[in-house]
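Enquirer: A predicted structure for the sequence below; I have some questions about it.
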Amino acid sequence: MQRLARSSAMRAPGLVRQMSESARPQLYGLSGRYATALHNAATSAKATAAVSKDLNELSALLESTPVFKSYLNNPIISNQAKKEDILKIAKGANQVTLGFLQLLAENDRLNELPAMIVDFKKLENAGSGANTATVTSADKLGKKEQTAVRKALEKRADGKLDIEFVVDETIVGGMTVQVGDQFQDLSVRSATNKLARTLA
């Protein structure tokens with residue numbers, strides 16, 4: 001078992017190369033496109049922290065006030081009315097945030113705001129190096145193995161990672177690595193299951 005764990009630790013650099021080619025998360029759909037545009041605008045204006053603060057406040061309001069969320073989702077209310085109201089609610093926010101909210105209202109996309117906030121936070125976390133990782137092995141990795149895995153993951157992520165090392169005997173051998181939303185399974189259990197499915 002220990003030999004399998006050490007072997008997997010030595011394969012960590014290769015494992016990381018199989019994961020995303022960039023530390024920047026891949027976002028999809030409408031919310032991903034808008035969130036990326038907002039993040040780019042905030043970065044250019046050096047206002048990422050301010051915009052993030054504005055979005056956190058809006059997110060808290062959406063969660064604590066169901067009526068507000070229903071209002072944004074209501075197709076009967078005109079875009080103009082929604083624009084005027086959302087700008088009043090966000091009065092005092094950063095200009096980048098206000099411009100973004102105005103664009104959403106004009107394009108009838110305010111109902112997508114919660115998902116856009118989530119995607120923006122993913123981009124912000126990736127950019128700030130606030131990523132987390134979980135490394136699971138069948139046996140506890142020694143300090144040298146943990147150091148090798150940490151160096152490989154942080155080199156690929158181009159920044160510090162908050163890494164948690166977990167032991168799960170059910171994976172039999174090898175290891176699994178979760179970095180943010182990305183997952184790589186190099187466990188013996190996974191290989192065995194794949195073989196069983198192939199032979200079934």
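Expert: In hand now; what should we look at? Predicted, not measured: the structure shown is a model, and the values here were computed from it. Numbers count the residues shown, from 1 in each chain.
Enquirer: Now residue 179: closest residue in space, sequence neighbours ignored.
Expert: Computed as CB to CB, 6 or more residues apart in numbering, the closest residue to residue 179 that is not its neighbour in sequence is residue 133, at 4.5 Å. No exception for glycine: its C-beta is placed from N, CA and C like everyone else's.
Enquirer: Tell me which residues of the strand or helix carrying that neighbour come out buried.
Expert: Assigned by DSSP states H and E, residue 133 falls within strand 132-137. The neighbour-count check on strand 132-137 (16 or more other CB atoms under 10 Å) flags 133, 135, 136, 137 as buried.
Enquirer: rewinding a little: ok, so what distance separates the residue nearest to residue 179 from residue 89?
Expert: Separation of residue 133 from residue 89 (CB to CB, to the nearest Å) stands at 37 Å.
Enquirer: just to revisit the earlier point, from what I see, the residue nearest to residue 179 and residue 159 are in contact.
Expert: No: when contacts are counted by CB atoms under 8 Å, residue 133 is not listed as touching residue 159 (11.3 Å).
Enquirer: on that earlier part again, what does the strand holding residue 133 contact?
Expert: 5, 8-9, 141, 146, 149, 153, 157, 161-168, 171, 174-180, 187 (CB atoms under 8 Å, 6 or more residues apart in numbering).
Enquirer: after it comes which helix or strand?
Expert: Next helix or strand after strand 132-137 toward the C-terminus (DSSP H and E): helix 143-157.
Enquirer: give me the number of residues near residue 63?
Expert: 11 (other CB atoms under 10 Å).
Enquirer: Kindly report the same for residue 34.
Expert: For residue 34, the count of nearby residues is 22 (other CB under 10 Å).
Enquirer: residues in contact with the residue lying closest to it once chain neighbours are set aside?
Expert: Leaving out its chain neighbours, the residue that sits closest to residue 34 by CB to CB, 6+ apart is residue 116, at 5.0 Å. When contacts are counted by CB under 8 Å, 6+ apart, residue 116 touches 31, 34, 35, 38, 104.
Enquirer: neighbouring contacts of the host helix or strand of the fourth one?
Expert: Following DSSP H and E, one finds residue 38 within helix 29-44. Counting by CB under 8 Å, 6+ apart, helix 29-44 makes contact with 27, 48, 50-52, 94, 96, 99-100, 104, 109, 112, 115-120, 122-124, 127, all of which sit outside it.
Enquirer: which SS state does residue 53 fall under?
Expert: When classified by DSSP: H, G, I helix; E, B strand; the rest coil, residue 53 comes out as helix.
Enquirer: And the pLDDT at it?
Expert: pLDDT for residue 53: 94.
Enquirer: Repeat that for residue 6.
Expert: Looking at residue 6, its pLDDT is 48.
Enquirer: same question, residue 190
Expert: 65.
Enquirer: again with residue 181
Expert: Looking at residue 181, its pLDDT stands at 59.
Enquirer: what's the distance between residue 82 and residue 33?
Expert: Computed as CB to CB, the residue 82 to residue 33 distance reads 20 Å.
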